[in-house]
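A.B. asks: The following comprises the amino acid sequence and a computationally predicted model.
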Amino acid sequence: MTLTLYGVARSRASRNIWLCLEADLPFEQVPVIQARRVKDPLAPDAPLNTRSPAFLAINPNGLVPAMRDGELVLFESLAINLYLARKTGAPLGPKDLAEEGRILMWSLWSATEAEPWAIQILMHRAYLPEPERDPAAATRAAQALVPKFAVLDQHLKGRDWLVADRFTVADINTAEVLRYAALATELFDQAPNVKRWFKACQARPAFKEMMRRREAEPA
Ligand SMILES: N[C@@H](CCC(=O)N[C@@H](CS)C(=O)NCC(=O)O)C(=O)O
């Protein structure tokens, strides 16, 4: 049965593409792009985008990524990765309930404790058009992340990976969220274990291949 990922690599679908490449999981990609990147998202000749009725039928939130696996349709990038890792099993997925608990913990920590701040850094230091950027908002977000990075740094002391001495979906989910904070280099400099782990995550061939595909897409 074909696994379908809706979204482009220049979106949070990057997380799912990375996971599928790590797991050698074949997938079909439907390149739905963000509506804000399309001049007139509802024009008849507009590319498939997050406001297209055909995509809203898949994800009524109007956000990428989404996934279809047979009858099952999911949205939320981290949930999709957790599902796919559970489906493919170890090494990316959990071997037992305790590992699953730890994988869920770091994934939810990433989504709730880190991502709301990390995205502010990306937006206000890189993404928004210059006049809309608020440097103070980026600085506040970086400050808010200092104690979170300290927690992660302490956890990674003497460890290569987040869970179970091997690279898992928890590393993909957390590293992808923290990529949004990458421009706040001071955060990584103050947390040497996070910096080492983040570098190791991004050295993986599947991450590099995902980034290659991302860079090949129109900006
Ligand atoms: N929590 C959601 C967030 C999804 C999200 O915000 N997606 C963005 C792209 S990364 C989007 O589709 N934006 C629509 C737009 O900007 O028009 C997830 O992790 O899947």
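C.D. replies: Received the coordinates, thanks.

A.B. asks: List, one by one, the residues from the chain near the ligand.
C.D. replies: Neighbours of the ligand within the chain, by Cβ under 6 Å from any ligand atom: 11-12, 34-36, 50, 63-65, 76-78. Just so you know, the C-beta spots here come from the backbone N, C-alpha and C atoms, and that holds for glycine as well.

A.B. asks: swap the cut-off to 8 Å and go again
C.D. replies: Within the chain, the residues that sit near the ligand (Cβ under 8 Å from any ligand atom) are 7, 11-13, 15, 34-37, 41, 49-51, 61-65, 75-80, 111, 115.

A.B. asks: Just the buried residues from the residues you listed, in PyMOL please.
C.D. replies: Here is the PyMOL command that picks out the buried ones among these, judged by 16 or more other Cβ atoms under 10 Å:
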select buried, resi 7+11+12+13+15+34+35+41+49+50+51+62+63+64+65+75+76+77+78+80+111+115
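
A.B. asks: For the helix ranked longest in the chain, which outside residues touch it?
C.D. replies: Once the chain is assigned using DSSP state H, the helix that runs over the most residues is helix 135-156. With Cβ atoms under 8 Å, 6 or more residues apart in numbering as the test, helix 135-156 has contacts from 113-114, 117-118, 120-121, 123-125, 162, 174, 181, 183-184, 186-188, 190-194, 196-197.

A.B. asks: Narrow those residues to just the buried residues.
C.D. replies: By 16+ other Cβ under 10 Å, the contacts of helix 135-156 give 113-114, 117-118, 120-121, 123-125, 162, 174, 181, 183-184, 187-188, 191, 193-194, 197 as buried.

A.B. asks: where's residue 194, which helix or strand?
C.D. replies: For residue 194, the host element (DSSP states H and E) is helix 192-202.

A.B. asks: and the next element down the chain from that helix?
C.D. replies: Counting by DSSP H and E, what follows helix 192-202 is helix 205-216.

A.B. asks: which other helices and strands contact that following helix?
C.D. replies: helix 13-23 (3 or more Cβ pairs under 8 Å, 6 or more residues apart in numbering; DSSP states H and E).
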